[in-house]
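Enquirer: Just need the structure, nothing else, for what follows:
(chains A and B)
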Amino acid sequence: MNQSATMFNPRLSRRRLVAGLFASAFLAITLAGVAVLGVLIVSVAGEGWSSLSWKFLTNPPSRLWPENAGLESALFGTVWLVGITIVVTIPIGVSAAIYLEEFARDNRVTRLIRLNIANLAGVPSVVYGILGLAVFVRWLRFDRSVLSGGLTLSLLVLPVVIIASREALAAVPSSIRHAAYALGATKWQTVRAHVLPAALPGIITGVILSLSRAVGETAPLIMLGGLTFCTAVPDGLRSDFTAMPIQVYNWLDEPQPEFHHLAAAGIIVMLAVLLSMNALAIGIRAWKQRKRLW
Amino acid sequence: MVTMMKHAYRPEQASTVMVTEARPVDDVAHSPPTTDEVIRTERLTLRYGSFAAVKDVSMSVFASRVTAIIGPSGCGKSTLLRTMNRMNDFIPGVQVEGQVVFRGEDLYAPGSDPVALRRRIGMVFQKPNPFPKSIYKNIAWGPKINGYRGNMDELIEHALKQSALWDEVKGKLHDSALALSGGQQQRLCIARAIALQPEVLLMDEPCSALDPIATARIEDLIHELKTRFTVVLVTHNMQQAARVSDVTAFMYMGELVEVGDTNMMFTKPGNPKTQDYITGRFG
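Expert: Model (predicted):
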């Protein structure tokens, strides 16, 4: 045995054992998380499956006849809310992210704005509900309309959209920017032609994920007064509205078990919408990786 | 005598260069070389915060010649190069003192516009950085944003021929530039730069990410390019400087130690530090 071999005591079997223990522990924890989700889905599906039908999606809700009650107004209410949120947040959120990431100087004011946006992303949603009530419902007199609801949800997801878009822009390598500047491009030409297209998949992913948060929000809409019973599909920005989570909440409030089955069916529909939105976001990310931009 | 040494052509190249430039060597030697001086830095100091990356550098770059800037890592050679098209502007906290004079205008004067400047002084970077777009679009974009009014297809073909890439890509101009090899990508970046018909081409270690064969092709290309463009080449590779340049500047710790005719610099350097660096005693 040479001398260098005696200087090391690798304890390989012990190190491998520790590595194996950690791997199994992480696997167990991961499976526990998945199992909880599985139990939730199975129990909800078991309770709500019988109420799920085409009729459930196309009938208005009812407080008296659970056999005829449906999700129509809530489903379309959610579609309206998401539509308004898209129209408001994408231009504002992406513009703000472009400004902060590409144009703003790194000074105290910019840093304060960035810090504030990060903090706003963590503000409880019910606080946005109070803000929406004060500003959109009372001050701007939009009343308890789908417009007020959509604008409130926009405020709620705007910080998340800005942060996700900024990260997507920051991930574009600076060598691309320098290549463009060296050809005599202005900052805007560089951003418009190269940085924004390269960041777009990341921005879209962030927007979809934050919209799926908007779909599931209940508290701010309750603050706005969206809890009122509403059977009509919105036909304009000033219409009354209800949304899927609110309708689920309403049904759970009824004493009869039939309504609880309806609530479970509503949850299934909501989960289906959310999971398909997330799947779309994952798909866009995979497509971006296949394209291998740099 | 010193002036002549610094700015004379290398004898073996004089004949080929003379054809394109038609300027007698003696003329350059006896009068101060102001007429064909393209860029001159004058007492240029550049600081990142409190750190001076370039200290009091005065040097000239002459038309239709390859000027190499050599020196060890961190000596400020890339920083000096980037003052010549103001690419240092994007680094926060950069302060510049002194002047960079391009065709009689100070690039750092208050009214000077770096966007207008960069069309006339092109740049090739250390790592090939094509846009994630087609070969065609990579070249066409620069002329487009600079309001080029000629025939774009012809311009692109010409630029690719000048950068010795045409034969390899002529059948796939609309394929992604990222499918090219590293050496091809770098020649594409050269084509992209020269499509703007710049007066000067700044090259920042253009071969450091390339294999020896691709490096040799780029070096051949630099030889051809200097008939049309003035080239400033930053390299950490002394052999490369010796092979392709006419004038060599040696920088050390932010200072310009010595500048002169490449042959002289590599055979009889005037400064012991240059001697030590060239003979491989440090760096």
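Enquirer: Backbone dihedrals for the residue of the stretch 1-150 of chain A found nearest chain B, both of them.
Expert: Proximity of the stretch 1-150 of chain A to chain B (Cβ to the nearest Cβ) peaks at A:Asp106, 6.0 Å away. C-beta here means a position set from N, CA and C on the backbone, and glycine is covered the same way. Main-chain torsions, A:Asp106, degrees, to the nearest 10: phi -90, psi 80.
Enquirer: wouldn't it be in contact with B:Ile91 here?
Expert: No - taking contacts as Cβ atoms under 8 Å, A:Asp106 lies outside contact range of B:Ile91: 11.4 Å.
Enquirer: Among those two, which residue is more densely surrounded?
Expert: Regarding A:Asp106 and B:Ile91, a neighbour count based on other Cβ atoms under 10 Å in any protein chain shown identifies B:Ile91 as having more, with 12 against 9.
Enquirer: show me the contacts for B:Leu117.
Expert: By Cβ atoms under 8 Å, 6 or more residues apart in numbering or on different chains, the residues touching B:Leu117 are A:184, B:85-86, B:102, B:107.
Enquirer: If you rank these by neighbours, which is first?
Expert: Neighbour-wise, the contacts of B:Leu117 (other Cβ under 10 Å) top out at B:Asn85, 27 neighbours.
Enquirer: Skipping its backbone neighbours, what lies nearest that one in space?
Expert: B:Ile121 (4.3 Å; Cβ to Cβ, 6 or more residues apart in numbering or on different chains).
Enquirer: In the sheet, which residues pair with the one you found? Tell me.
Expert: Beta-bridge partners for B:Ile121, by DSSP bridges, are B:Val200.
Enquirer: list the contacts for it?
Expert: B:Ile121 touches B:39, B:84-85, B:102, B:198-202, counting by Cβ under 8 Å, 6+ apart.
Enquirer: buried sites along the helix or strand hosting B:Asp167?
Expert: Here B:Asp167, judged by DSSP states H and E, is contained in helix B:166-169. Across helix B:166-169, burial judged by 16 or more other Cβ atoms under 10 Å in any protein chain shown covers B:166, B:168-169.
Enquirer: And for stretch B:224-243?
Expert: For stretch B:224-243, burial by neighbour count (16+ other Cβ under 10 Å) applies to B:225-226, B:229-238, B:240-243.
Enquirer: how distant is that stretch from the center of its chain?
Expert: Centroid separation between stretch B:224-243 and its chain, computed with Cα atoms, centre = their mean, to the nearest Å, is 7 Å.
Enquirer: Contacts (any at all) between chain A and it?
Expert: No - counting by Cβ under 8 Å from any Cβ of the partner chain, no contacts exist between stretch B:224-243 and chain A, the nearest distance being 13.5 Å.
Enquirer: mind saving the C-alpha coords of that stretch as CSV?
Expert: Output of stretch B:224-243 as CSV, limited to C-alpha atoms (Å, rounded to 0.1, in the frame of the first residue of the first chain):
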residue,chain,number,x,y,z
GLU,B,224,-8.4,40.0,-46.5
LEU,B,225,-10.6,42.4,-44.5
LYS,B,226,-7.8,44.9,-43.9
THR,B,227,-7.8,45.8,-47.6
ARG,B,228,-11.3,47.3,-47.1
PHE,B,229,-11.5,48.0,-43.4
THR,B,230,-9.4,49.2,-40.6
VAL,B,231,-9.1,46.4,-38.1
VAL,B,232,-8.4,46.7,-34.4
LEU,B,233,-7.9,43.2,-32.9
VAL,B,234,-7.7,42.4,-29.2
THR,B,235,-6.0,39.1,-28.5
HIS,B,236,-4.4,37.3,-25.7
ASN,B,237,-2.7,35.1,-28.2
MET,B,238,0.7,36.6,-29.1
GLN,B,239,1.3,34.3,-32.1
GLN,B,240,-2.0,35.5,-33.5
ALA,B,241,-0.9,39.2,-33.1
ALA,B,242,2.4,38.3,-34.8
ARG,B,243,0.6,36.5,-37.7
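Enquirer: average model confidence for it?
Expert: Mean per-residue pLDDT for stretch B:224-243: 91.
Enquirer: go on, stretch B:147-165?
Expert: Mean pLDDT, stretch B:147-165: 94.
Enquirer: which residues sit against it?
Expert: Here stretch B:147-165 makes contact (Cβ under 8 Å, 6+ apart) with B:136, B:139-140, B:143-144, B:166, B:169-170, B:173, B:184, B:187-188, B:190-192, B:194-195, B:217, B:220-221, B:224-225, B:228.
Enquirer: before we move on, what SS does the residue of chain B most remote from its centre have?
Expert: Going by Cα atoms, centre = their mean, the residue of chain B most distant from its centre is B:Gly171, 30.1 Å out. Following DSSP: H, G, I helix; E, B strand; the rest coil, we place B:Gly171 in the coil state.
Enquirer: A:Asp235 too?
Expert: At A:Asp235, secondary structure determined by three-state DSSP is coil.
Enquirer: next one: the helix ranked longest in chain A to chain centre, how far?
Expert: Using DSSP state H to define each element, chain A has its longest helix at helix A:12-48. Remark: helix A:12-48 is offset 25 Å from the chain centroid, using Cα atoms, centre = their mean.
Enquirer: What of stretch A:59-68?
Expert: Distance, stretch centre to chain centre, for stretch A:59-68: 30 Å (Cα atoms, centre = their mean).
Enquirer: Touching that stretch from outside, list them.
Expert: Residues lying outside stretch A:59-68 but in contact with it, judged by Cβ under 8 Å, 6+ apart, are A:55, A:69-74, A:229, A:231-232, A:242, A:247, A:250-251, A:254, A:256, A:258-259, A:261-262.
Enquirer: Kindly check the end-to-end length of stretch B:148-167 for me.
Expert: Terminal residues of stretch B:148-167 lie 25 Å apart, using Cα to Cα, to the nearest Å.
Enquirer: buried set for stretch B:104-124?
Expert: In terms of neighbour count (16+ other Cβ under 10 Å), stretch B:104-124 has its buried residues at B:107-108, B:114-115, B:117-119, B:121-124.
Enquirer: Tell me which residues touch B:Ile213, please.
Expert: By Cβ under 8 Å, 6+ apart, B:Ile213 lies in contact with B:Gly183.
Enquirer: Okay, and it sits in which element?
Expert: helix B:212-225.
Enquirer: Which secondary structure element comes immediately after that helix toward the C-terminus?
Expert: Using DSSP H and E, the helix or strand that follows helix B:212-225 towards the C-terminus is strand B:230-234.
Enquirer: Appreciated, that's everything.
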